[in-house]
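Chemist: Task: produce atomic coordinates for the following.
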Amino acid sequence: MSDSGVDLSNGLEDVIVSFKPDSTEQTCPVFKYSPVNIQGPGCHVDPSEVTLPGCSCLSHSCAAESCCCLQTYGQAYAADGTLLSVSDVGHFTPVFECNALCSCSDTCSNRVVQRGLRLSLQICTTARRGWGVQTLQPISHGTFVCEYAGEVIGFEEARRRQLAQRFEDNNYIIGVREHAGPGSITETFVDPATVGNVGRFLNHSCLPNLFMVPVRVHSLVPRLALFAGRDIDVQEELTFDYSGDYRNQTPGQIHFTRTDTAIEASKTVQRKACHCGANNCAQFLPLDLSILT
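Modeler: Residues are numbered from 1 along each chain as shown. Modelled structure (predicted):
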């Protein structure tokens with residue numbers, strides 16, 4: 001239990017997501033807590049709908065040599081549930097877990113992200129970056145930490161929301177592009193601004209301790225799972241690189257032109273300063289212009 005005795009998830013997680021304000025005057029941002037993705041504008045597939053096939057394994061835990069899921073998609077997790085090949089951070093192929101149609105048990109080692117939050121995390125105040133997330137227990141390298149859950153929205157809706165934002169507004173939209181081959185790109189946009197989970201409070205760092213992997217469970221819509229990129233100590237702040245492999249190094253302001261069906265407008269985007277404090281800090285938060293153009 002946190003010092004304030006508040007569970008931010010309102011019992012929707014199996015563990016308490018505690019909230020620790022610096023003073024009684026501090027209140028948590030208003031949003032609806034959801035431990036998983038929900039369908040938003042422009043998303044034509046319900047993320048909760050089971051659309052992927054299952055396996056017919058009769059064992060409690062699937063094995064690579066006998067499970068059709070693992071043979072088709074590859075083995076992603078070790079027996080203890082940690083992610084394999086964590087040394088190649090940022091270059092993962094999509095992960096497919098066993099799902100509701102599989103006959104293996106809920107304790108199968110190929111079921112990790114779908115089990116939800118298992119770590120004690122706390123929303124806390126940072127020195128220069130507003131709210132952040134710290135861990136109340138040590139986390140081992142490769143461990144699933146939490147999902148970045150929210151509304152799954154379409155490209156046009158993501159663009160509309162970003163163009164409507166003011167400079168002082170927080171941008172929560174994460175866009176993930178997966179390249180499956182020449183000319184085959186899958187785009188997923190998740191916005192936890194009004195509906196989301198503990199992941200919405202994670203800050204950016206140019207030297208993060210978490211990394212994001214698209215994980216598919218029941219649906220082709222991926223769940224954006226965050227794993228520990230190294231061993232993490234108690235009360236250490238949890239961070240990830242908002243840009244993934246992409247970082248725009250252009251300083252100051254960026255100019256772009258947006259063409260719409262009825263409007264052609266020129267707009268100037270002012271870059272927000274990065275306060276992560278890393279030695280390799282890029283000085284500005286990442287900005288994905290492809291959503292805005």
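Chemist: in this protein, which helix or strand is least confident?
Modeler: strand 253-259 (a mean of 30; mean pLDDT, DSSP states H and E).
Chemist: Low-confidence stretches in this protein?
Modeler: Residue ranges of the chain with pLDDT under 70: 1-5, 24-25, 86-93, 181, 245-269, 292-293.
Chemist: by contact count, what packs against the longest helix along it?
Modeler: Ranked by residue count and defined by DSSP state H, the top helix of the chain is helix 155-163. Helix 155-163 sits against strand 184-196, with contacts defined as 3 or more CB pairs under 8 Å, 6 or more residues apart in numbering; DSSP states H and E. To be clear about C-beta, it is placed using only N, CA and C from the backbone, and glycine gets the same treatment.
Chemist: Within the sheet, what are the partner strands of whatever helix or strand comes next after the strand it packs on, with directions?
Modeler: Downstream of strand 184-196, the next assigned helix or strand under DSSP states H and E is strand 203-204. Sheet pairing here is set by DSSP bridges, and for strand 203-204 it gives strand 239-240 (parallel).
Chemist: Which residues does the partner strand contact?
Modeler: 132, 202-205, 208-212, 226, 276 (CB atoms under 8 Å, 6 or more residues apart in numbering).
Chemist: ok, of those, which one's closest to residue 285?
Modeler: residue 204 (5.8 Å; CB to CB).
Chemist: Quick check: the residue nearest to the closest one when sequence neighbours are not counted vs residue 147, distance?
Modeler: Among residues not flanking residue 204 along the chain, residue 242 sits closest, at 4.4 Å (CB to CB, 6 or more residues apart in numbering). Distance, residue 242 to residue 147, using CB to CB, to the nearest Å: 16 Å.
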